[in-house]
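Give me the fold of what follows.
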Amino acid sequence: QVQLVESGGGLVQPGGSLRLSCAASGNIKSINTMDWYRQAPGKQRELVAVISSGGRTNYADSVKGRSTISRDNAKNTVYLQMNSLKPEDTAIYYCHANVVVSTIPGTQFSYWGQGTQVTVSS
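Numbering: from 1, shown residues only. Model (predicted):
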């Protein structure tokens, strides 16, 4: 009923920047929190940043000060601006959202995007 589609990943040199986007579509009544996670090879998926429907944000210590999460509620889209990228930021980045669907008001469901690869290398 709801799809999340990420874009903006790619190959970047250390110290560079990338902006990830994630657009939600489908039978959406409202979206509560929207998050970015990442999973590096051989590691568990970890939370990178979260933003509430009201715009409150929180970041993992590993990206704090280098990344900014934002959202456009009118477009059901969340962004992750990443600066001063390091090789250890290399991972697949996943978008996640807690969505109240139009057909089942009052209950939120968890949706994931398919992931976008970010590679930081010289």
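
so which strand or helix has the residue sitting nearest the centre point of the chain?
By C-alpha atoms, centre = their mean, the chain has its centre lying nearest to residue 36, at 2.8 Å. Secondary structure assignment for residue 36, by DSSP states H and E: strand 28-39.

what residues does that strand touch?
With contacts defined as C-beta atoms under 8 Å, 6 or more residues apart in numbering, strand 28-39 is touched by 2, 20, 22, 24, 45-53, 69, 71, 73, 76, 78, 80, 89, 91-102, 105, 108, 115, 118. For every residue, glycine as well, the C-beta is placed using N, CA and C.

quick one: the strands in the protein?
Taking DSSP state E as the test, the strands found in the chain are 2-7, 10-12, 18-26, 28-39, 46-51, 57-59, 67-72, 77-82, 91-101, 108-112, 116-120.

In JSON lines: these, plus mean pLDDT.
Below are the strands of the chain laid out as JSON lines (pLDDT from 0 to 100):
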{"stretch": "strand 2-7", "mean pLDDT": "96"}
{"stretch": "strand 10-12", "mean pLDDT": "98"}
{"stretch": "strand 18-26", "mean pLDDT": "98"}
{"stretch": "strand 28-39", "mean pLDDT": "96"}
{"stretch": "strand 46-51", "mean pLDDT": "98"}
{"stretch": "strand 57-59", "mean pLDDT": "98"}
{"stretch": "strand 67-72", "mean pLDDT": "98"}
{"stretch": "strand 77-82", "mean pLDDT": "98"}
{"stretch": "strand 91-101", "mean pLDDT": "97"}
{"stretch": "strand 108-112", "mean pLDDT": "96"}
{"stretch": "strand 116-120", "mean pLDDT": "98"}
